[in-house]
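>>> after the sequence you'll find the predicted model.
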Amino acid sequence: MDTESKHSVRIRGKTTGSVTSNVISLAGRNVMQVEIGAGETKSIKPIDGENLAAAAKIAHEQGIPIVCFVESSGADILEGVAAVHGWGVAAREFVRCSGKVPIIFCVTGATVSGPALLLGLADFVVMVDDSYAFVSGPRMAEMFTGETTSNEELGGASLHDRTTGVSHFVVSNLEEGKELIEELLSFLPNNTYEIPKGWDSDDPADRSTPEAGTILPDSISDSYDIRDVITCVVDDGHILESRKNWATNLITAFASIAGKPVGIVANQPQSMAGTLDIPASQKGARFVSFCDSFNLPLVTFVDTSGFYPGKDLEWRGMIRYGAQMAYAYARATVPRVCLTLRKSYGGAYIVMDSRYMGNDLMLAWPSAEIAVMGAKGAIEILHRDANDEEKLSLESSYEEKLLNPFVAAERGSVDRIIEPAETRCEIASALELLSEKKERLPKRKHDNIPL
């Protein structure tokens, strides 16, 4: 990691406090590096909030990414409310940076209260194994709820990796975290006004991918790992997967195709049969929104039987969260290519960047089934009084008439039906054709995403 300092941020000449910031060279570009908790004390004083806000403001003005390394016990109690005000000023500047420059946080130790909330404003959060983050600690939890817990149980890296989704990546140590941040930055532009640079690739754009089709199992109800298909298609079989262990029924990852960085969204049949639930909808919507903000084309792989049914999800607001996926795709203006591999049913078919969500190219393999629901479910509803033999015959007829991609193609829902071997070539060609795409949204103060 090249950390050659370009200049330091100073507030009224003061250098005391636990926040330091410098513009450094990282991954071949200038980056605003901030260290929160760099001093002897890890608490945030008013001057620290001002320093943090100043660093974010400079990053915004210069159009460079922000990389923050944080370990902080929160606002300094002895400073009173002024310390909290300092954090508020910093949070406001980070919000102004949102969608303009990439914001990456790396949690290196205990991160509590206000600094922990900053993680929620970041685009990506990297956590070191033994770090933890929470708004209110174990002592406060015990005082208010009577529950006894530990730092790890309340906000450890593994918890945020698997349960809360706060962490996008978990690493063993700080050096590994720095290397991962460099790789992440290599996929991204400096700011929203630039296009990701990409690189020269030795992997031919027209490489055939016959192995992709052999990954699908014979039975439509059997599972497989969608990563195996994705790695067949992308350059050198390499992906950088974000939030790998949270909402595992949806894959979100960075990759490149013909040297061009892309964002990948894919249903994962290995987990919950690839259905969408609340965490998956949040995960997908946030990733799509990020890619759209920073001009990364989106490639979507679809194999889902719909939204996961159940009283619990409905009571927790599946309608609102499911709408987030639709919202994110509908407002995205970057090049968008969607491929249906196998199942694509119901509302999940629509929100997974279908033709009617405004994608640029809709592809399907011959094995694709695009419909309201699968044959078995449809016949159970339409012909519930039929005997078993009649139901089998009706299911076969339903599959033949409605569950093949050629019907969808005739109706304009699919642009082209391709063989699995043509997948990489077709997607690479589409991305090249769409590389000059320009689309502007109507002017308004801002949209109102369903939160």
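Right, received. Where do you want to start?
>>> moving C-terminal of the helix or strand of the chain with the lowest mean pLDDT, what's the next helix or strand?
Each helix and strand of the chain was given a mean pLDDT (mean pLDDT, DSSP states H and E); the minimum falls on strand 5-8 at a mean of 42. Next in sequence after strand 5-8, counting helices and strands by DSSP states H and E, comes strand 19-26.
>>> parallel or antiparallel, which strands does that following strand pair with?
Strand pairing for strand 19-26, determined by DSSP bridges: strand 5-8 (antiparallel), strand 29-36 (antiparallel).
>>> got the buried residues for it?
Buried positions in strand 19-26, judged by neighbour count with 16 or more other C-beta atoms under 10 Å: Val19, Thr20, Ser21, Asn22, Val23, Ile24, Leu26. For glycine as for every other residue, the C-beta is placed from the backbone atoms N, C-alpha and C.
>>> same question, stretch 205-216
Within stretch 205-216, the residues that count as buried by 16+ other C-beta under 10 Å are Ala205, Thr209, Ala212, Gly213, Ile215, Leu216.
>>> what about these, which are in strands?
Among the buried residues of stretch 205-216, no residue falls in strands (DSSP state E).
>>> and the two most separated of these?
Spanning the widest gap among the buried residues of stretch 205-216 are Ala205 and Leu216, at 23.6 Å by C-beta to C-beta.
>>> that older thread, reformat the buried residues of strand 19-26 as a markdown table; add pLDDT and distance to Met325.
A markdown table is the format used below for those (pLDDT from 0 to 100; distance: C-beta to C-beta, whole Å):
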| residue | pLDDT | distance to Met325 |
| --- | --- | --- |
| Val19 | 85 | 37 |
| Thr20 | 89 | 39 |
| Ser21 | 91 | 36 |
| Asn22 | 94 | 39 |
| Val23 | 94 | 37 |
| Ile24 | 94 | 36 |
| Leu26 | 87 | 33 |
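>>> which one of the residues you listed is nearest Tyr329?
Using C-beta to C-beta, those come closest to Tyr329 at Leu26, 31.5 Å.
>>> what are the bridge partners for the closest one, then?
For Leu26, the beta-bridge partners under DSSP bridges are Arg29.
>>> that one contacts Leu184, correct?
No: contact status for Leu26 versus Leu184: not in contact, 10.7 Å apart, counting by C-beta atoms under 8 Å.
>>> give the closest residue to Glu369 in space, chain neighbours not counted.
Closest residue to Glu369 apart from its sequence neighbours, by C-beta to C-beta, 6 or more residues apart in numbering: Leu403 at 4.2 Å.
>>> and that neighbour, what pLDDT?
Looking at Leu403, its pLDDT is 72.
>>> run a quick neighbour tally on it.
Leu403 is flanked by 21 other residues according to other C-beta atoms under 10 Å.
>>> on that earlier part again, got JSON lines for the buried residues of strand 19-26, with distance to Tyr329 too?
Converted to JSON lines, those look like this (distance: C-beta to C-beta, whole Å):
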{"residue": "Val19", "distance to Tyr329": "38"}
{"residue": "Thr20", "distance to Tyr329": "40"}
{"residue": "Ser21", "distance to Tyr329": "36"}
{"residue": "Asn22", "distance to Tyr329": "38"}
{"residue": "Val23", "distance to Tyr329": "35"}
{"residue": "Ile24", "distance to Tyr329": "36"}
{"residue": "Leu26", "distance to Tyr329": "32"}
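>>> quick one: which of the residues you listed is nearest Lys100?
Val23 (16.5 Å).
>>> any idea how far Arg355 is from the closest one?
Using C-beta to C-beta, to the nearest Å, Val23 is found at 44 Å from Arg355.
>>> in three-state terms, label the residue nearest to the spatial centre of the chain for me.
Centrality entry for the chain: nearest residue to the mean C-alpha point is Phe287, 2.8 Å, by C-alpha atoms, centre = their mean. Classification of Phe287 by DSSP: H, G, I helix; E, B strand; the rest coil places it in helix.
>>> dihedrals phi and psi, the nearest residue to it once chain neighbours are set aside?
In space, and not counting its chain neighbours, Phe287 is closest to Thr252: 4.0 Å by C-beta to C-beta, 6+ apart. Main-chain torsions, Thr252, degrees, to the nearest 10: phi -130, psi 130.
>>> so where's the chain uncertain?
Scanning the chain for pLDDT under 70 picks out 1-17, 38-41, 43, 74-80, 82-83, 372-382, 390-391, 394-395, 397-402.
>>> the nearest residue in space to Glu426 that is not next to it in sequence: neighbour count?
For Glu426, ignoring the flanking residues on the chain, the nearest one in space by C-beta to C-beta, 6+ apart is Ile418 at 5.3 Å. Ile418 has 18 neighbouring residues, counting by other C-beta under 10 Å.
>>> what does the one 4 residues further on give?
A total of 20 residues lie near Glu422 under the criterion other C-beta under 10 Å.
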